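> turn this into a structure:
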Amino acid sequence: MTVKREITRGDILDIPAYSEIRKEKKQKLIAIKKDRRIPVGPYATFYFENYDTMWSQIHEMLYIERGGEEQIIDEIAAYNPLIPKGNELVATFMIEIDDPVRRDYTLRKLGFIEDRICISINGEKSRAVPEDDVERTTPDGKTSAIHFLHFPLSNNQVSALQSEGAEILLAIEHDEYGHMAKLSEANRISLAGDL
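Just a heads-up that it's a prediction; the model follows:
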């Protein structure tokens, strides 16, 4: 099976066609996302992206905003970089705190957290590479609540990720937020499909 690595204009349905399958697609996406969501510590969550998650995101944006052809081109350009392109994993990293005052306080303590994230596969680390579309930490040290991260993988890491029983750890190594999570076998199987 060939993994799709790019959304093209031909992949985009018109609004009436998408409306007919929207409920079914959203149900399928719940199952896909279940093993791609990794909480790390009390506030951080990684949502590992792929073709399916980005296809759905684009269609939902178009369904809600109804921006026409110009929006289609913009959405494809915005979300294609978040589809893994081979020897990498890609995640949306979110700091999720409901209370706005506590969220602001916490984000001000977590400057450059995006540069302190790694994945370890059988003991070999890969540092996250943040998308460089915009600076996610402000000059005064406040980080964004949302980051887009690429995890480049070596050939050894790819082989390990595709092998049953690989030990996979996702870690945040920030002085103010040091947490890690061990991925399950279901997580590994889902992410291995991106390679």
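
> report back the residue of this protein that's furthest from centre.
Distance from the C-alpha centroid of the chain peaks at Pro16, with 28.2 Å (C-alpha atoms, centre = their mean).

> ok, so what distance separates that one from Ser163?
44 Å (C-beta to C-beta, to the nearest Å). (Each C-beta comes from the backbone N, C-alpha and C, glycine too.)

> please apply the same query to Ile121.
Ile121 is 10 Å from Ser163, by C-beta to C-beta.

> sorry, back to before: would the residue farthest from the centre of the chain count as being in a helix?
Yes. Pro16 forms part of a helix when assessed by DSSP: H, G, I helix; E, B strand; the rest coil.

> list the contacts of it.
Applying C-beta atoms under 8 Å, 6 or more residues apart in numbering to Pro16 gives no contacts.

> follow-up on the earlier one: show me which of Ile121 and Ser163 is the more surrounded one.
Shown here are Ile121 and Ser163; by other C-beta atoms under 10 Å, Ile121 has more neighbours (25 against 12).

> tell me the confidence at that one?
Note on Ile121: pLDDT of 97.

> that one is in contact with Ala160, isn't it?
Yes. Counting by C-beta atoms under 8 Å, Ala160 is a contact partner of Ile121 at 4.8 Å.

> joint contacts of the two?
Common neighbours of Ile121 and Ala160 (C-beta under 8 Å, 6+ apart) are Ala166.

> how about His174: what's its closest non-neighbour residue?
Nearest in space to His174, with sequence neighbours left out and distances taken as C-beta to C-beta, 6 or more residues apart in numbering, is Arg116 at 4.3 Å.
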